[in-house]
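Engineer: here you go, sequence then predicted model.
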Amino acid sequence: ELLAASRKGEGADGARQYALLEVLYATGMRVSELVGLKLSALSRDRRFVTIAGKGGKERLVPLGDPARAALSRYLRHRDWFARKRAANNPWLFPSRGGHLTRQRFGQILKKLAFEAGLDASQVSPHVLRHAFATHLIEVGVDLPTVQRLLGHGHIGTTMRYVHLARTRLTGTTSPLELLDPPKR
């Protein structure tokens, strides 16, 4: 529902909101990592993104076809957002102040939740991060791989997603139910 709402946007703003949501969900990165991405973080073929995580640790995360398509659409409009800055703005998601802020992304996400008919108080960047990890666990991805993709320093931090996956599978209500179910 949320991803569908993000696809409906038109023009530069629509392309950006769709790319933001697709990339965030496809990678499970933290919102601060997303808005702090530099254009140079994308591999040439856009199949991978290098994420600068907590403590300056970098990790390479694959991008699926939907995220790559959303990025391709957005990159045709990117310079419009960088117009107030030099054309050589290094940020993947530039804005007047340099790069998009976490707060502005939160506003975009709440707007999309409202447009999708969802309870905006239950939608956050962290809910998308949990959904990413939970969906990986649900389809059988091993915990060490999920740990690396999320950039967790300790496997115990990742273990909580096992609980979330079980909760979801048993039908207990959780904010994750706001998102589309994983494709099997």
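Structural biologist: On my side now, so go ahead.
Engineer: tell me which residues in the longest helix along the chain are buried?
Structural biologist: Counting by DSSP state H, the longest helix found in the chain is helix 11-27. For helix 11-27, burial by neighbour count (16 or more other C-beta atoms under 10 Å) applies to 14-27. The C-beta positions use only the backbone N, C-alpha and C, and glycine is treated the same way.
Engineer: and the residue nearest to the spatial centre of the chain, what's its pLDDT?
Structural biologist: For the chain, Leu24 is the residue whose C-alpha lies nearest the centre (C-alpha atoms, centre = their mean; 0.5 Å). With respect to pLDDT, Leu24 scores 94.
Engineer: surely it touches Val31?
Structural biologist: Yes. If you go by C-beta atoms under 8 Å, Leu24 and Val31 touch, sitting 7.1 Å apart.
Engineer: shared neighbours of the two, which are they?
Structural biologist: Pro125 (C-beta atoms under 8 Å, 6 or more residues apart in numbering).
Engineer: check which helices and strands the longest helix of the chain sits against.
Structural biologist: Helices and strands touching helix 11-27, as assessed by 3 or more C-beta pairs under 8 Å, 6 or more residues apart in numbering; DSSP states H and E, comprise helix 2-7, helix 31-35, strand 48-52, helix 65-75, helix 78-81, helix 102-115, helix 125-138.
Engineer: could you dump those to a markdown table with mean neighbour count, mean pLDDT and distance to Ser95?
Structural biologist: Below are these laid out as a markdown table (neighbours: other C-beta atoms under 10 Å; pLDDT from 0 to 100; distance: least, C-beta to C-beta, whole Å):
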| stretch | mean neighbour count | mean pLDDT | distance to Ser95 |
| --- | --- | --- | --- |
| helix 2-7 | 18 | 82 | 18 |
| helix 31-35 | 21 | 95 | 9 |
| strand 48-52 | 18 | 94 | 19 |
| helix 65-75 | 18 | 95 | 13 |
| helix 78-81 | 16 | 87 | 6 |
| helix 102-115 | 16 | 93 | 7 |
| helix 125-138 | 22 | 87 | 17 |
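Engineer: wait, which of the ones you listed is closest to Leu149?
Structural biologist: Of all the helices and strands packed on helix 11-27, helix 125-138 sits nearest to Leu149, with 7.3 Å by C-beta to C-beta.
Engineer: quick check: mean pLDDT across the next helix or strand after that closest one?
Structural biologist: Later in the chain than helix 125-138, the nearest helix or strand by DSSP states H and E is helix 143-150. Here helix 143-150 scores 91 as its mean pLDDT.
Engineer: from here on, count from 52
Structural biologist: Let's use 52 as the start, then, which means that last one is helix 194-201.
Engineer: centre of the chain to helix 194-201, how far?
Structural biologist: Mean-position distance between helix 194-201 and its chain equals 16 Å (C-alpha atoms, centre = their mean, to the nearest Å).
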